[in-house]
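no sequence for this one, just the structure:
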């Protein structure tokens with residue numbers, strides 16, 4: 001805690017001397033650069049209507065940049081009147097990574113077997129690294145990371161469509177009261193629709209002699225699994241099923 005000091009020309013010069021002004025100019029240029037790169041990466045999220053958009057990404061990148069650049073000029077803290085030893089930027093970066101981890105966890109949402117927000121969380125972590133790299137002087141690498149992150153988020157899904165893949169569907173079945181379902185019958189039903197039950201995905205519940213099954217089915221190939229509409233028609237005609245819920249098991 002610094003002792004109170006009377007306002008004086010010497011005190012003011014400690015904040016607005018030539019060296020301090022130059023340090024602030026460097027910090028401002030770094031922050032502006034981090035902002036532009038953060039906005040670039042965040043545009044894709046805004047375009048797709050995500051909750052975290054350009055403003056969020058710009059703020060995260062600027063904040064990571066500002067915290068890191070501040071650790072590089074401890075001799076100018078409090079107008080140069082705060083005597084301290086060298087500051088380890090690595091510890092500052094460690095704190096930034098930890099804080100971004102909490103922010104990323106806040107955008108990950110889980111609804112049953114459907115998990116969303118993982119890409120947004122990973123990209124927020126990426127822009128914090130961009131802000132740190134700007135301060136460290138890795139300007140080319142920071143620009144490259146921003147560009148490659150933007151390209152990956154905008155066209156990564158199109159690349160996935162070219163490669164072999166198997167989509168998954170989360171299934172919740174409610175059986176009629178008193179009906180005892182058979183896993184072989186359910187497996188035969190999903191086989192007809194071009195799916196197989198994922199191993200280890202079963203969850204079974206029972207209340208008042210009424211059974212509820214939850215599991216994930218995985219298509220046998222990209223073009224082999226039936227659509228949710230056709231799959232729902234097959235389940236509607238199955239014996240013993242009173243109601244069901246289908247959703248894409250994305251993450």
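Yes, it's here. Bear in mind the structure is a predicted one, so any value in this text is a computation, not a measurement.

Only C-alpha atoms from now on, for both contacts and neighbour counts.
Will do.

what residues go with each domain of this protein?
Taking automatic domain parsing as the criterion, the chain consists of the domains 9-162, 168-248.

correct me, but residue 118 touches residue 108?
Yes. Using CA atoms under 8 Å as the test, residue 118 is close enough to residue 108 to be in contact (5.8 Å).

if you compare the domains of the chain, which one is most tucked away?
Comparing the domains of the chain by mean neighbour count (mean count of other CA atoms under 10 Å), domain 9-162 comes out on top with a mean of 17.

just the strands in the stretch 1-150 of the chain please.
109-111, 114-116 (DSSP state E, counting those that start in this stretch).

List the residues that contact residue 123.
41, 149 (CA atoms under 8 Å, 6 or more residues apart in numbering).

So for stretch 31-43, mean pLDDT?
What stretch 31-43 shows for mean pLDDT is 93.

Revised request: answer the last question for stretch 168-183.
Average pLDDT, stretch 168-183: 87.

Can you tell me what sits against stretch 202-212?
Outside of stretch 202-212, the residues within contact range by CA under 8 Å, 6+ apart are 172-181, 213-216.

quick one: the lengthiest helix in the chain to chain centroid distance?
Longest helix in the chain by number of residues (criterion: DSSP state H): helix 18-47. Relative to the centre of its chain, helix 18-47 is centred 22 Å away, using CA atoms, centre = their mean, to the nearest Å.

same check, this time on stretch 65-76
27 Å.

What lies in contact with it?
15, 20, 23, 27, 30-31, 34, 82-84, 86-89, 92-93, 128, 131-132, 134-135.

what about 6 Å?
By CA atoms under 6 Å, 6 or more residues apart in numbering, the surrounding residues in contact with stretch 65-76 are 31, 131-132, 135.

Can you check the distance spanned by it, start to finish?
17 Å (CA to CA, to the nearest Å).

and that stretch, what's its mean pLDDT?
On average, stretch 65-76 scores 85.

and the longest helix of the chain, what other elements does it pack with?
In terms of contacts (3 or more CA pairs under 6 Å, 6 or more residues apart in numbering; DSSP states H and E), helix 18-47 is packed against helix 54-71.

The helix it packs on to helix 18-47, inter-axis angle?
Helix 54-71 runs at 150 degrees relative to helix 18-47, counting by axes from the mean of the first three to the mean of the last three CA atoms, to 10 degrees.

how distant is helix 54-71 from the center of its chain?
17 Å.

now swap in stretch 52-72 and tell me
16 Å.

can you pull out the helices in the stretch 51-200 of the chain?
Assigned by DSSP state H, counting those that start in this stretch, the helices in the stretch 51-200 of the chain fall at 54-71, 89-107, 118-136, 139-162, 183-192.

want to throw those helices into CSV with distance to residue 225?
Below are those laid out as CSV (distance: least, CA to CA, whole Å):
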stretch, distance to residue 225
helix 54-71, 37
helix 89-107, 30
helix 118-136, 25
helix 139-162, 15
helix 183-192, 9
